[in-house]
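Chemist: Sequence and predicted structure are below.
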Amino acid sequence: MYRRTVLTVLTVVATAAFAAPAAAAPPPVCGQTLTVDTRLRADLSCTGDGLRLGPGVVLDLGGRTLRGDGTGVGVAVASAGSATVRGGTLAGWGTAVATYEVPDADTGPLLLDRVTVTGSTTGLLASGQDGTGLFRKPTTVTRSTFRDNGRALLALWFVEVGVHRSTFADNDVALDVGDSQVDVADSRLVRNGVAVQLGQSGTTIERSTFVDNPVGVALQPSSGATIADSTFRGSDVAVSGQGNPTVLHVRDNRFTDNGTAVSFDLSDGSVTGNEFRRNGTGLLVVQAPWDVTLVQDNTFVRGGDGIQVLQGDPLLQLGGNDARHNSGWGIHAPGVTDLGGNTARGNGTEPQCVGVVCTTS
């Protein structure tokens with residue numbers, strides 16, 4: 001009995017030792033729809049479209065590059081279920097990442113993590129169905145880089161996008177947002193033609209850095225933005241709100257070396273607790289707001305004009321602002337409501353303040 005058992009064990013071991021290894025999954029090919037989680041093992045170049053992800057699939061680029069010929073979609077993601085694209089480069093696409101519709105199925109979130117998107121007409125197209133917003137995927141972008149694209153991120157038709165710890169550099173437009181909400185935190189936007197452009201949309205921008213974008217954040221009518229704890233440097237116009245209804249809240253930011261730092265034109269909101277230094281104009285109000293707008297506790301130092309109000313209105317309220325050593329106006333705000341506590345001294349144009357009473361010594 002003992003001898004038979006030993007022989008049986010030896011036979012099993014020998015069979016296992018000489019069994020053929022399981023075949024590795026073949027590498028993905030251009031145009032393929034992936035239905036299981038997949039990792040690229042080599043760079044992949046495609047003519048036309050790249051890869052399609054079925055519902056629930058994770059595409060790990062594995063540090064590799066999925067490259068297009070300037071046309072097609074690099075990664076097409078099902079509207080149904082969740083999806084993840086991570087860890088590599090998408091280069092040279094008409095659209096690097098987009099969604100395709102799966103009828104009669106619940107949508108799920110899309111995550112882009114540690115992805116570099118470069119040389120594409122559109123980097124990430126996050127959109128619902130034209131006109132209806134159906135099939136839209138809530139989208140999160142983390143630790144990613146968008147560089148040298150036409151439009152890095154295009155959000156349309158009621159989609160929600162969160163951008164965290166990411167970089168947008170040298171794009172024509174970094175974030176182009178229509179009828180959607182795109183929130184940005186802890187990110188860098190550098191040398192884009194337009195950093196953030198909103199049409200009938202909203203954004204919250206926090207703890208982010210904007211450098212050398214000719215246009216920083218531009219709000220078109222029926223848009224809203226809250227911008228906080230961020231830095232803007234080297235823009236022609238760093239932040240602007242135009243038209244009504246447009247609501248813009250700007251608080252606790254630093255604006256340095258911009259042509260115009262903040263511009264309100266028929267827009268409402270607030271500008272509070274900001275530092276303006278060496279800007280051509282710190283705060284420009286072109287046309288009066290339609291609702292109460294508060295300008296309070298800001299400092300304007302060594303620029304051209306500190307506060308320049310071209311059309312005043314009692315709805316515009318100023319208090320606690322400090323304008324010093326600007327070459328032009330300190331505070332020029334005829335027709336506004338004076339909340340008191342404003343200070344101006346050492347500015348190039350007299351009187352130091354117009355429209356409000358200032359301490360000048």
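Modeler: It's in. Numbers count the residues shown, from 1 in each chain.
Chemist: And stretch 158-176, end to end?
Modeler: Distance across stretch 158-176, first residue to last, is 13 Å (CA to CA, to the nearest Å).
Chemist: Span of stretch 342-361 from start to end?
Modeler: 12 Å.
Chemist: Identify the residues contacting that stretch?
Modeler: Around stretch 342-361, the neighbours that count as contacts under CB atoms under 8 Å, 6 or more residues apart in numbering are 306, 309, 312, 318-336, 338, 340. Yep, even glycine has a C-beta here, placed from its N, CA and C like the rest.
Chemist: May I see the buried residues of it?
Modeler: Residues of stretch 342-361 classed as buried: Asn342, Thr343, Ala344, Asn347, Gln352, Cys353, Val354, Gly355, Val356, Cys358 (neighbour count, 16 or more other CB atoms under 10 Å).
Chemist: again with stretch 247-266
Modeler: By neighbour count on 16+ other CB under 10 Å, the buried set for stretch 247-266 is 247-251, 253, 255-266.
Chemist: before we move on, back to that, turn the buried ones among the contacts of stretch 342-361 into a named PyMOL selection, would you?
Modeler: In PyMOL, this line selects whichever of the contacts of stretch 342-361 come out buried by 16+ other CB under 10 Å:
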select buried, resi 306+309+312+318+319+320+321+322+323+324+326+329+330+331+332+333+336+338
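Chemist: circling back: would you list the buried residues of stretch 342-361 in CSV and tack on distance to Val237, pLDDT and secondary structure?
Modeler: Output for the buried residues of stretch 342-361, formatted as CSV (distance: CB to CB, whole Å; pLDDT from 0 to 100; DSSP: H, G, I helix; E, B strand; the rest coil):
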residue, distance to Val237, pLDDT, secondary structure
Asn342, 24, 97, strand
Thr343, 26, 97, strand
Ala344, 24, 96, strand
Asn347, 22, 97, coil
Gln352, 26, 96, coil
Cys353, 25, 95, strand
Val354, 23, 96, strand
Gly355, 23, 94, coil
Val356, 25, 96, coil
Cys358, 26, 94, strand
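Chemist: Dump those into JSON lines; add distance to Val115 as well.
Modeler: As requested, the buried residues of stretch 342-361 are arranged in JSON lines below (distance: CB to CB, whole Å):
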{"residue": "Asn342", "distance to Val115": "48"}
{"residue": "Thr343", "distance to Val115": "48"}
{"residue": "Ala344", "distance to Val115": "49"}
{"residue": "Asn347", "distance to Val115": "48"}
{"residue": "Gln352", "distance to Val115": "52"}
{"residue": "Cys353", "distance to Val115": "51"}
{"residue": "Val354", "distance to Val115": "52"}
{"residue": "Gly355", "distance to Val115": "50"}
{"residue": "Val356", "distance to Val115": "50"}
{"residue": "Cys358", "distance to Val115": "51"}
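Chemist: Nearest to Asp69 among those residues?
Modeler: Proximity of these to Asp69 (CB to CB) peaks at Asn347, which lies at 57.4 Å.
Chemist: how many neighbours does the closest residue in space to Pro314 that isn't next to it in sequence have?
Modeler: Among residues not flanking Pro314 along the chain, Thr337 sits closest, at 4.9 Å (CB to CB, 6 or more residues apart in numbering). By the criterion of other CB atoms under 10 Å, Thr337 has 18 neighbours.
Chemist: Check Thr337 and give its pLDDT.
Modeler: pLDDT recorded at Thr337 is 95.
Chemist: Who are the contact partners of it?
Modeler: Pro314, Leu315, Leu316, Gln317, Leu318.
Chemist: Buried among those? Need that as a selection in PyMOL.
Modeler: Listed next is the PyMOL selection for buried residues among these, using 16+ other CB under 10 Å:
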select buried, resi 315+316+317+318
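Chemist: about what we covered before: out of the contacts of stretch 342-361, which are inside strands?
Modeler: Among the contacts of stretch 342-361, the ones falling in strands (DSSP state E) are Gly306, Val309, Leu318, Gly319, Asp322, Ala323, Arg324, Ile331, His332, Asp338, Gly340.
Chemist: Gly92 versus the third one, what's the distance?
Modeler: Same thing as Leu318. Between Leu318 and Gly92 the computed distance is 51 Å (CB to CB, to the nearest Å).
Chemist: cool, the second one as well?
Modeler: Taking CB to CB as the criterion, Val309 is separated from Gly92 by 48 Å.
Chemist: gap between the two ends of stretch 338-349?
Modeler: Length of stretch 338-349, first residue to last, CA to CA: 20 Å.
Chemist: no, scratch that, I was asking about stretch 75-85
Modeler: End to end - CA to CA - stretch 75-85 spans 8 Å.
Chemist: Now do it: everything it contacts.
Modeler: Contact with stretch 75-85 is made by 49-59, 61, 66, 90, 96-102, 105-113, 115, 135-137, as judged by CB under 8 Å, 6+ apart.
Chemist: Stretch 221-229 now?
Modeler: Stretch 221-229 is contacted from outside by 198-207, 217, 219, 239, 241-253, using CB under 8 Å, 6+ apart.
Chemist: For the closest residue to Ala344 other than its chain neighbours, give its distance to Leu110.
Modeler: The shortest distance from Ala344 to any non-neighbouring residue, by CB to CB, 6+ apart, is to Gly330 (3.3 Å). For Gly330, the distance to Leu110 (CB to CB) stands at 49 Å.
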